[in-house]
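In: got a structure for you, letters missing:
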């Protein structure tokens, strides 16, 4: 009986010790955020953003997945810009979502509040084309919540988005993208 009692106490101490150390929650869900893009061309600036972003982070696996509905981008300078974006360039009816998923390749202490400048590696899918990209991101952990921000460039030719010569002075080949999203325990 004593052996059983000591085994019970030992197992409880192990479980309690794990709880004291803190287990990394298995999933964080994207609660809110924004993704924006900017095209700085000689004759026109195009900018738009969306807050229709979905995503998950699995800290125990250092993996993530984020997607945005292409037709959800708004804030264009004109209705015509938005129409051209959806119909001629991103083809939102055919390519409904853009996404980025992969692995966080640098170390993050998920149990400690702080700011972590890390790299993530994954597949960026835009216009139905998948490109492997390594991107710098900033992961800020505070009070059990995670904020992720990043800025990076997308080259339209990498995703087979063609710019007709008639508008090549109005659309940049290089698009600046900014992401700022917040995750909470699921």
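Out: Cool, got the structure. Since this is a predicted model, take the numbers as computed values, not measurements. Numbers count the residues shown, from 1 in each chain.

In: which strands and helices lie in contact with the one helix or strand residue 65 maps to?
Out: Following DSSP states H and E, one finds residue 65 within strand 63-69. Applying 3 or more CB pairs under 8 Å, 6 or more residues apart in numbering; DSSP states H and E, one finds that strand 63-69 contacts strand 53-58, strand 97-104. Placement of C-beta: from N, CA and C, glycine included.

In: buried set for the helix or strand where residue 37 lies?
Out: Residue 37 is located in strand 28-40, with elements delineated by DSSP H and E. Buried positions in strand 28-40, judged by neighbour count with 16 or more other CB atoms under 10 Å: 28, 30, 33, 35, 36, 37, 39.

In: with stretch 145-156 instead?
Out: 146, 148, 150, 152, 154, 156.

In: hmm, who's touching it?
Out: 28, 37, 57, 89, 124, 126, 133, 135-140, 162-163, 171, 173-184 (CB atoms under 8 Å, 6 or more residues apart in numbering).

In: what subset of those is buried?
Out: Neighbour-count burial (16+ other CB under 10 Å) applied to the contacts of stretch 145-156 gives 28, 37, 57, 89, 124, 126, 135, 137, 139, 163, 171, 175, 177, 179-183.

In: among these, name the ones in strands.
Out: The members of the buried ones among the contacts of stretch 145-156 that map onto strands under DSSP state E are 28, 37, 57, 124, 126, 135, 137, 139, 175, 177, 179-183.

In: closest to residue 43 among those residues?
Out: Closest approach between these and residue 43, by CB to CB: residue 175, at 15.9 Å.

In: neighbours of residue 111, how many?
Out: The local packing of residue 111 (other CB atoms under 10 Å) involves 13 other residues.

In: pLDDT weak spots in this structure?
Out: 1-25, 167-168 (pLDDT under 70).

In: one more time with 80, if that's ok
Out: Low-confidence segments of the chain, defined by pLDDT under 80: 1-26, 41-42, 162-172.
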